[in-house]
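Engineer: how would this look folded up:
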Amino acid sequence: MESCLDYYATRALLDWQIELGVTESIGDEPINRYDLPDTSPKPKAPVAAPATPAKPEAVDPVAVAKAAASGAKSLEALREAMDTFAYCELKRGARQLVFADGVPGAKVMIIGEAPGRDEDREGKPFVGRAGQLLDRMLAAIDLDRAQNVYITNVLPWRPPQNRDPKPEEIGMMTPFLERHVALARPEILVVMGNISCQALLGKRGITRLRGNWDQALDLPVIPMFHPAYLLRQPQMKRQAWADLLELKARLRGGA
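Structural biologist: The predicted structure is shown next:
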C-alpha cells in the first residue's frame with residue numbers, strides 16, 4: 001500500500017512540474033545559470049605572409065654578346081650570332097643586318113660607324129654617296145673593295161634618323177666587332193669617324209686623331225675622316241688625301 005502511494009505521489013509531482021514548464025532533467029553537478037558565455041575574440045593562428053616572387057635576374061647584354069661572339073668560329077657563324085642577338089634596340093627599326101663587304105683576309109680592313117639609309121636597304125656597308133666617295137679614295141691608292149679591302153661597321157643596324165649610336169649600343173656590339181676582326185685577319189685597321197675610334201681606341205676627336213698611327217687588337221690602326229664628313233666638309237679632303245698616302249706608304253713597307 002505504501003509503495004503504491006509513493007508511485008502516485010511521485011507521478012503527481014512530475015505532472016505538476018511538467019505543467020510548470022520543467023521539461024529537462026537536472027544533472028548531478030550544479031550549473032550557475034548566471035555565468036555569461038565567453039565571447040572574447042580568440043587569438044588567430046599566425047598567417048604566413050605570401051612569398052615574394054623572385055625578381056628575374058638582370059641580363060647583361062655585353063656578357064651575352066661576348067659569349068655569342070666567342071662561340072662563332074667563322075664569319076658565317078658570326079653573322080648568324082649577330083642576327084639573332086636580341087638586346088640591341090636598333091634591330092627593331094632596321095630593315096636588315098648590314099654585315100660586311102669586300103674580301104675577307106685582305107690586308108686592309110675598314111671600319112665605319114653605322115649603316116645609313118642606302119646601306120640599310122641594300123644590306124652592305126658604304127654603298128651610298130659616302131660609299132662612292134670611299135671607292136674613289138681607295139682607287140687613288142690602288143685599293144679596291146672587290147680585290148684587296150674588307151669593310152664593316154661598328155654597328156650592323158641603322159640608327160633611326162641616322163642619329164649617333166648611344167654608348168650602350170656601341171658597348172654591346174663591340175665584342176662582335178672584335179671577333180669580326182679576329183676572324184677576318186687583316187694586317188691594318190682603318191677606323192673612319194669618331195664612333196669607330198671610340199669603339200676600338202676608346203678615344204674621340206677625329207680631327208686630332210686622324211693620320212696618327214695607333215694600336216688596337218694587336219694591329220696597327222690609322223684613324224681617318226669618314227667619307228660622309230668629307231661630303232659635308234670638302235675642304236678637309238686635303239687632310240684625307242694625306243692620310244691615304246700614309247696608308248699607302250705603310251702597305252708598301254715605307255712606314
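
Engineer: Identify the residue nearest Ala106 in space, chain neighbours excluded?
Structural biologist: Tyr150 (4.5 Å; C-beta to C-beta, 6 or more residues apart in numbering). C-betas here are computed from N, CA, C, even on glycine.

Engineer: in terms of contact, does that neighbour touch Phe99 like I think?
Structural biologist: No - using C-beta atoms under 8 Å, Tyr150 is not in contact with Phe99; the gap is 11.1 Å.

Engineer: quick one: the residue nearest to Ala106 from Gly171, how far?
Structural biologist: From Tyr150 over to Gly171 the distance is 24 Å, taken as C-beta to C-beta, to the nearest Å.

Engineer: more neighbours, these two?
Structural biologist: Neighbour count, other C-beta atoms under 10 Å: between Tyr150 and Gly171, Tyr150 has more, with 23 against 15.

Engineer: what about that one, which SS state?
Structural biologist: Three-state call for Tyr150 (DSSP: H, G, I helix; E, B strand; the rest coil): strand.

Engineer: Name the residues linked to it by a beta bridge.
Structural biologist: In this entry, Tyr150 is beta-bridged to Gly102, Met109, by DSSP bridges.

Engineer: and the residue positioned nearest the centre of the chain, what does it touch?
Structural biologist: For the chain, Tyr87 is the residue whose C-alpha lies nearest the centre (C-alpha atoms, centre = their mean; 3.0 Å). For Tyr87, the contacting residues are 59, 61, 64-65, 172, by C-beta atoms under 8 Å, 6 or more residues apart in numbering.

Engineer: how about CSV for those residues, with secondary structure, neighbour count and pLDDT added?
Structural biologist: Output for the contacts of Tyr87, formatted as CSV (DSSP: H, G, I helix; E, B strand; the rest coil; neighbours: other C-beta atoms under 10 Å; pLDDT from 0 to 100):
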residue, secondary structure, neighbour count, pLDDT
Val59, coil, 10, 89
Pro61, helix, 18, 96
Val64, helix, 15, 97
Ala65, helix, 24, 97
Met172, helix, 21, 97
